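Trainee: Pasted the sequence and its predicted model underneath.
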Amino acid sequence: MPLIILLVIVLVIFLIGLSIYNGLIRKKNNVKNTMSTIDVMLKKRHDLIPNLVQSVKKYMEHERGTLTDIVKLRSQIIEDKDLSDADRMKLESQLSSRLSGLKINVENYPDLKANENFIQLQESLNEVEAQLSAARRTYNASVLEYNNALEVFPSSIFAKNMNLKPASFIEIPKEERETPSVKDLFNE
């Protein structure tokens with residue numbers, strides 16, 4: 001009888017440990033999956049940008065600096081395969097800022113705003129930006145859950161033995177947290 005009790009206790013401890021281990025692996029993989037979702041949205045955005053730029057170019061010759069910045073940032077993000085997730089998210093954030101500026105500058109061009117191709121591209125870009133925002137929130141929620149699992153007892157013991165490291169949140173740069181001045185955007 002005492003042997004059966006000991007075996008049951010060992011089995012329960014093993015099952016609890018297995019559950020904790022599998023939970024940590026699921027959380028780690030969920031962080032990777034949500035980052036992959038962001039990558040899909042970013043790819044879609046990068047594919048839309050050349051079409052948007054071409055549509056806008058003929059209407060916005062004097063806004064060339066904004067368009068050049070957008071194209072340059074897009075190229076840098078796509079071509080530099082050695083960027084860390086944090087650096088890539090920083091560049092993506094800068095690209096988002098430039099795209100927002102472009103949207104405001106477009107208000108100066110009534111003919112462009114009426115162009116069906118531009119409207120469709122703008123709507124597609126707005127949809128992608130909304131999806132990116134949602135994907136970033138999902139990613140940060142996954143990172144929070146994963147990082148919490150790494151720090152709470154008893155999973156912290158397993159995490160340490162598995163050599164799991166905390167993931168980084170996607171953070172908005174300080175300059176993007178400030179309310180943009182629409183007046184300044186029109187004067188650029």
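Mentor: Structure's in. What do you need?
Trainee: Quick check: next helix or strand after the longest helix along the chain?
Mentor: Counting by DSSP state H, the longest helix found in the chain is helix 2-57. Following helix 2-57 in sequence order, the next helix or strand is helix 64-79 (DSSP states H and E).
Trainee: Averaged pLDDT, the helix or strand that that next one is followed by. What do you get?
Mentor: Moving toward the C-terminus from helix 64-79, the next helix or strand (DSSP H and E) is helix 85-106. For helix 85-106, the mean pLDDT works out to 75.
Trainee: Send me helix 85-106 as CSV with only the CA atoms.
Mentor: Taking Å, rounded to 0.1, in the frame of the first residue of the first chain, the C-alpha atoms of helix 85-106 are listed here in CSV:
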residue,chain,number,x,y,z
ASP,A,85,12.9,42.3,-33.8
ALA,A,86,13.2,45.4,-31.6
ASP,A,87,15.1,47.3,-34.4
ARG,A,88,12.7,46.1,-37.0
MET,A,89,9.7,47.2,-34.9
LYS,A,90,11.4,50.6,-34.4
LEU,A,91,11.8,51.1,-38.2
GLU,A,92,8.2,49.9,-38.7
SER,A,93,7.1,52.5,-36.2
GLN,A,94,8.9,55.2,-38.1
LEU,A,95,7.3,54.0,-41.3
SER,A,96,3.9,54.1,-39.7
SER,A,97,4.6,57.7,-38.7
ARG,A,98,5.6,58.7,-42.2
LEU,A,99,2.5,57.0,-43.7
SER,A,100,0.4,59.0,-41.2
GLY,A,101,2.1,62.2,-42.4
LEU,A,102,1.4,61.1,-46.0
LYS,A,103,-2.3,60.6,-45.3
ILE,A,104,-2.5,64.1,-43.8
ASN,A,105,-0.6,65.7,-46.7
VAL,A,106,-3.0,64.0,-49.2
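Trainee: helices and strands of this structure: which one bottoms out on pLDDT?
Mentor: helix 182-187 (a mean of 49; mean pLDDT, DSSP states H and E).
Trainee: what stretches of the protein score poorly on pLDDT?
Mentor: For the chain, the stretches with pLDDT under 70 are 53, 55-66, 101-118, 172-188.
Trainee: hmm, 80 instead?
Mentor: The chain contains residues with pLDDT under 80 at 1, 40-71, 81, 85-86, 95, 97-125, 170-188.
Trainee: Tell me which helix or strand the closest residue to residue 52 other than its chain neighbours sits in.
Mentor: Closest residue to residue 52 in three dimensions, ignoring its sequence neighbours and counting by CB to CB, 6 or more residues apart in numbering: residue 121, at 4.7 Å. No exception for glycine: its C-beta is placed from N, CA and C like everyone else's. In the assignment (DSSP H and E), residue 121 maps to helix 116-151.
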